[in-house]
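Asks: structure of the sequence below:
(one chain, ligands or ions: 1)
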Amino acid sequence: MEKIDSSGALHNPKGQQTVVIKVGTSSLIRASTKSLNLSSLASLVETCRDLHNLGFNVIVVSSGAVAVGCQRLGLSTRPRELAKKQALAAIGQIHLMRYYDDLFTALGLVLLTLDNLATRSQYINARNTFHELLRYGTIPIINENDTVAVAQLRFGDNDTLSAQVATLVEADWLFLLTDVDALYTGNPSTDPTATPVHEVDDVHDLAVDTAEAGTQWGTGGMATKLTAAGIATAAGCRMVICHFNNPSVIVDIIGGESDVGTVFHPISDPLKGRKRWILSVPSKGEIWVDDGAARAIKKHASLFAAGITKVVGEFQHQDAVKLCDAQGRELAQGLTNYSNVEVEAAKGLSSAKFLEKLGYQGQEEVVHRASICLLVKREQGRSMRRTPSRGSMTSLASSRAPSPAGPESGYEDSPSHSPAPVARGQSPGRSRTPPLPPTTGQQESGAGEGQEGPALSEDDIVTRLAHLRQRAGLGASGPSDDWDSQMAYAMHAELQGSMHAKPVASDQDVDEGGWLPK
Ligand SMILES: N[C@@H](CCC(=O)OP(=O)(O)O)C(=O)O
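Replies: This is a model prediction of the structure:
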């Protein structure tokens, strides 16, 4: 048990790097008896304890509630009806947690839905809760809030949830414990020539068709694991797939063992702040783009209608959408300024034609670059590989300072410490606010390269920040400690303003985000 500090809080002086470990239903339940795999569960807890003693923060994402509920009620098959599965999850969750609670010294249960993470204020509250749970030295255990999470129960996607939790807490490692020992070049159960892949530099280079249930890479669960890898690695988290039957390999892998499991290396310039949050918002659809627009997106440009070739799914203004290249490969996730119907109508057009086509002149960017999170490596020669790729336990454990509360750590202040949102009771309507200073050189040029605005001078940044702060009712003082939080509110005020003010004023093309900390 950790010491209690003067504030009365449990304190974990060694807590530095954060490791998220996800264990799936198929690993927790013995197929033969349909009962809990107690020995493996105990090994998992021991591994968590070892990691904790080595100075790591540890978070567990555990599935299994529905299966344990079935076991509890003596059901031999998992019912199909949603309400029954939700009821079983409620029954099983308590029983499952009883085992975990007996084995761990102190744990904290957090039930989340993807929708929770899609709401910025809930996202920040969840992050603050995780931060405090880790400061107390406890092991947070996460599962989907199954009684309300319809989509998750249908798709069984705790892989994505764990990647989003890893993103939320800025984890260094995400381990997906499963019933295969690695990603394979083919399905090992049907292809004798299949060999394990131990390292993946860029998950998008794998070109796996994740639309198929059961990919060429192995078992049916691999598709969601690759989706998780895309999310986690874009956020700077190293993700590993390995077998559940020996969780102690986690310690070996972190220590540098290179021929166990599959490691997906993180991108070298991961997302931070609001962009990291955008990555956590469940996407509602896809916008496919031509080659020129794909190249422009990779260079941090906005997406314009001229480069759009296809629209998939139904989405509304400010929903998250995946941005895919001409082959349908996911490049980025962003918040769209238009619904799927509007994008369908405007695709291929210059934004000068919006008025004619849509009946109003909206934002010229379909997705502004401030709201685009790249999932793939940047062009312009940046290195993708974070070094060291795998290091000694000592260097890993000491390579990052303990995370204090504050923007540098990625933990924003709680809303109560943040500036009051959106103009304190007034509408932040555009008509009452002064226009932002013009952005020199910012112009529409259709889709493709050349849309990236010029670099802003420090004076530009200070002036724009002052305007954004004024619009959000934050006062005119200079940047403060919780810059990211203030910017989030200022951006929110802008969005509110734009939502209430369609058709928008001509300052809509303001390059708000080009200078936001990524
Ligand atoms: N959240 C539910 C189902 C989650 C689930 O089965 O996910 P996974 O094990 O990743 O396929 C549960 O706890 O039973």
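
Asks: other residues contacting stretch 225-232?
Replies: Contacting residues not belonging to stretch 225-232 are listed as 159-160, 162-164, 166-167, 171, 174, 176, 178, 183, 200, 203-204, 206, 208, 210, 215, 217, 238-239, 241, 264, 266, 279-280, 330, 375 [C-beta atoms under 8 Å, 6 or more residues apart in numbering]. In short, each C-beta sits where N, CA and C put it, glycine included.

Asks: kindly recompute the last result at 6 Å.
Replies: If you take C-beta atoms under 6 Å, 6 or more residues apart in numbering as the criterion, stretch 225-232 is touched by 159-160, 163, 166, 174, 176, 203, 208, 210, 239, 241, 264, 375.

Asks: among those, which ones are in helices?
Replies: Within the contacts of stretch 225-232, residues falling in helices by DSSP state H are 159-160, 163, 166.

Asks: what's the lowest-pLDDT member of those?
Replies: Lowest in pLDDT among the ones in helices among the contacts of stretch 225-232 is residue 160, which has 87.

Asks: now for that one: which residues touch it?
Replies: By C-beta under 6 Å, 6+ apart, residue 160 lies in contact with 227-228.

Asks: what residues does the chain have near the ligand?
Replies: 24-25, 63-67, 89, 143-144, 146, 156, 158-159 (C-beta under 6 Å from any ligand atom).

Asks: again, 5 Å this time
Replies: 24-25, 63, 65-66, 144, 146, 156, 158 (C-beta under 5 Å from any ligand atom).

Asks: roughly how far apart are residue 174 and residue 242?
Replies: Separation of residue 174 from residue 242 (C-beta to C-beta, to the nearest Å) stands at 11 Å.

Asks: more neighbours, those two?
Replies: residue 174 (31 against 22; other C-beta atoms under 10 Å).

Asks: the more buried one contacts residue 22, correct?
Replies: No - taking contacts as C-beta atoms under 6 Å, residue 174 lies outside contact range of residue 22: 7.1 Å.

Asks: now residue 183, nearest residue through space, not along the chain?
Replies: In this structure, residue 183 finds its nearest non-sequential neighbour in residue 262, 4.1 Å apart by C-beta to C-beta, 6 or more residues apart in numbering.

Asks: no no, residue 173
Replies: Nearest one to residue 173, counting by C-beta to C-beta, 6+ apart, is residue 19 at 4.5 Å.

Asks: what about the one you found, which helix or strand?
Replies: If you go by DSSP states H and E, residue 19 is part of strand 18-23.

Asks: and that strand, what other elements does it pack with?
Replies: Applying 3 or more C-beta pairs under 6 Å, 6 or more residues apart in numbering; DSSP states H and E, we find strand 18-23 packed against strand 57-62, helix 158-168, strand 173-178.

Asks: now tabulate the ones you listed in a markdown table and tack on distance to residue 302.
Replies: Shown next, in a markdown table, are these (distance: least, C-beta to C-beta, whole Å):
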| stretch | distance to residue 302 |
| --- | --- |
| strand 57-62 | 34 |
| helix 158-168 | 23 |
| strand 173-178 | 30 |
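
Asks: related to what we said a few turns ago, OK, contacts around the residue nearest to residue 173?
Replies: Per C-beta under 6 Å, 6+ apart, neighbours of residue 19: 51, 56, 58, 173.

Asks: domains in this protein, by residue range?
Replies: Using automatic domain parsing, the domain parsing of the chain gives 18-267, 275-376, 440-500.

Asks: ok, residue 204 touching residue 376?
Replies: Yes - using C-beta under 6 Å, residue 204 makes contact with residue 376 at a distance of 4.8 Å.

Asks: for the stretch 151-300 of the chain, just list every one of the strands.
Replies: Ranges of strands in the stretch 151-300 of the chain, per DSSP state E, counting those that start in this stretch, are 173-178, 183-184, 196-197, 199-200, 238-243, 262-264, 283-289.

Asks: and residue 302, backbone torsions?
Replies: Note on residue 302: its backbone torsions stand at phi -70, psi 160 [degrees, to the nearest 10].

Asks: related to what we said a few turns ago, and the residues of the chain next to the ligand, which two are the farthest apart?
Replies: Farthest-apart pair in the residues of the chain next to the ligand is 24 and 146; separation 14.4 Å (C-beta to C-beta).

Asks: list the buried ones in stretch 102-117?
Replies: 103-104, 107-114, 116-117 (16 or more other C-beta atoms under 10 Å).

Asks: what does stretch 329-342 give?
Replies: Quick answer for stretch 329-342 (16+ other C-beta under 10 Å): 329-340, 342.

Asks: what's the span of that stretch, first residue to last?
Replies: 23 Å (C-alpha to C-alpha, to the nearest Å).

Asks: and that stretch, average pLDDT?
Replies: 93.

Asks: between strand 57-62 and the strand holding residue 19, find me the angle.
Replies: 20 degrees (axes from the mean of the first three to the mean of the last three C-alpha atoms, to 10 degrees).

Asks: tell me what angle strand 18-23 forms with strand 238-243.
Replies: Going by the same axes, to 10 degrees, strand 18-23 makes 30 degrees with strand 238-243.

Asks: so where's this protein uncertain?
Replies: 1-15, 150-157, 207-220, 377-518 (pLDDT under 70).

Asks: ok, and for the helix ranked longest in it, which residues are buried?
Replies: What stands out as the longest helix in the chain, according to DSSP H, is helix 82-103. Within helix 82-103, the residues that count as buried by 16+ other C-beta under 10 Å are 85-89, 91-93, 96-97, 99-100, 103.

Asks: hmm, who's touching it?
Replies: Here helix 82-103 has contacts from 45, 64-66, 68-70, 72, 107, 109, 141, 146-147, 153, using C-beta under 6 Å, 6+ apart.

Asks: sorry, back to before: now, which of the buried residues of stretch 329-342 lie within helices?
Replies: Reading helices off the buried residues of stretch 329-342 with DSSP H, I get 340, 342.

Asks: any chance of TSV for the buried residues of stretch 329-342, columns distance to residue 41?
Replies: TSV is the format used below for these (distance: C-beta to C-beta, whole Å):
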residue	distance to residue 41
329	38
330	34
331	39
332	38
333	34
334	40
335	40
336	43
337	47
338	48
339	46
340	44
342	50
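
Asks: between the buried residues of stretch 329-342, which is nearest residue 221?
Replies: residue 330 (18.6 Å).

Asks: quick check: the gap between that closest one and the ligand.
Replies: Counting by C-beta to the nearest ligand atom, to the nearest Å, the gap between residue 330 and the ligand amounts to 20 Å.
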